[in-house]
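Trainee: Any chance you could fold what I've pasted below:
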Amino acid sequence: MTTANGHLVLVGTTASGKSALAMEMARMRPGVELVSMDSMQVYRGMDIGTATPTPQEQAEVRHHLLDVVDPGDEFSVSAFKEMCAAVVEDLDDRGVRGVLVGGTGLHVRAVVDDLEIPGRFPEVRDDLELEADTAVLHGRLRELDPVAAARMEPTNRRRVVRALEVCIGAGRPFSSFGPGLGSYPESPFTQVGVHLPRHVVDRRIAERYEQQVAEGFVDEVRTLASLPGGLSRTASQALGYRQVLEHLEGRCSLEEAVGAAVVATRRFARRQERWFRRDPRVTWMDAEDDPMEVLNQVLAYFDGCSDRR
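Mentor: The predicted structure is shown next:
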């Protein structure tokens, strides 16, 4: 990874308004480009449900890492890291400053800390997925890699399976890849977090789903599901999409699907908050109701990024 040239990483929970805040920053600092650090905005056609910047916004300010892979494709953290590293190198070569807007914690850490990402072992993963009880899998992980097991919630199936996949497939502990997520070394990136009270985030999550449904979210999911091959394993796990797919399969009403999506997204926001709060390198800016309340504060910090390299 090349040395970041005054780039800012802006983090926060889903529906905290960080993307809108970054957009306004770019408007007020002409020439600044935005880099999405969202694991689902990379997929083409998944625009409404991921709150991807509109074509008008993308025409106004240059964005990166939006709509770069097909929804039927798997897209790993390591692939994202490589793609983002190329974007940052290009920004540096052109002398352009960027705001990296992140909500997907592992993707942000992969870039910020240039993490060593283990390879993929699909056959091992397929075998592991045959075990329905995540607690059993976590027990196996405790035996193979107690350090990794202690770093994750026993109920977080995705992380548990991934760690086991690497332990078995690579023949070495998952925790041996780099210093681990519990280490926060010096980084060339400056990180700022935007924080809203939980009840405000909860309200904004519900309002956003209501707006997305009005904008045609259900039709978007229907179109994606009808594509040859449908949605990939990673894409189909996107919040909101999973629940609307269940509705389209006749397993619940639209109202029930949206309600379940709201609940799941609020839980996800809590996990995001815990994840980002653990990083002592993030400087937090607190707003009461509207993220724009901290715009001038974040701009001032951004303007000083180069001095803190």
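Trainee: all contacts plus neighbour counts: C-alpha atoms, from now on.
Mentor: Fine.
Trainee: Check the gap between the nearest residue to Gly229 once chain neighbours are set aside and Ala132 for me.
Mentor: Residue nearest to Gly229 in three dimensions, not counting chain neighbours: Gly72, with 6.0 Å by Cα to Cα, 6 or more residues apart in numbering. Noted for Gly72: a distance of 24 Å to Ala132, by Cα to Cα, to the nearest Å.
Trainee: Comparing the two, which residue is more hemmed in?
Mentor: Between Gly72 and Ala132, Gly72 has the larger neighbour count (other Cα atoms under 10 Å), namely 20 against 10.
Trainee: quick one: what helix or strand has the more buried one in it?
Mentor: Under DSSP states H and E, no helix or strand contains Gly72.
Trainee: and it, what are its phi and psi?
Mentor: For Gly72, the backbone dihedrals are phi -90, psi 0 (criterion: degrees, to the nearest 10).
Trainee: Val9 now?
Mentor: phi -100, psi 120.
Trainee: same deal with Asp279?
Mentor: Torsion angles at Asp279 (phi, psi; degrees, to the nearest 10) stand at phi -90, psi 110.
Trainee: dump the residue contacts of it.
Mentor: Contact analysis of Asp279 by Cα atoms under 8 Å, 6 or more residues apart in numbering lists Tyr184.
Trainee: any idea how far it lies from Glu186?
Mentor: Look at Asp279 and Glu186: by Cα to Cα, they are 11 Å apart.
Trainee: and if you look at Gly31?
Mentor: If you measure Gly31 against Glu186 using Cα to Cα, the figure is 27 Å.
Trainee: out of those two, which sits in the busier spot?
Mentor: Taking Gly31 and Glu186 together and counting by other Cα under 10 Å, Gly31 has the greater number of neighbours (13 against 9).
Trainee: Quickly note the distance from that one to Pro55.
Mentor: Between Gly31 and Pro55 the distance, using Cα to Cα, works out to 18 Å.
Trainee: And the helices in the stretch 201-309 of the chain, which stretches?
Mentor: For the stretch 201-309 of the chain, helices defined by DSSP state H, counting those that start in this stretch occupy the ranges 217-225, 241-248, 254-277, 295-303.
Trainee: need these in TSV with mean pLDDT, can you?
Mentor: Output for those, formatted as TSV (pLDDT from 0 to 100):
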stretch	mean pLDDT
helix 217-225	97
helix 241-248	96
helix 254-277	97
helix 295-303	95
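Trainee: and Arg208, which of those is closest to it?
Mentor: Each of those has some distance to Arg208 by Cα to Cα; the shortest is helix 254-277, at 9.3 Å.
Trainee: Excluding its own residues, what touches the closest one? List them.
Mentor: In this structure, residues lying in contact with helix 254-277 by Cα under 8 Å, 6+ apart are 11-14, 103-105, 201-202, 205-206, 209, 239-240, 243-244, 246-247, 282.
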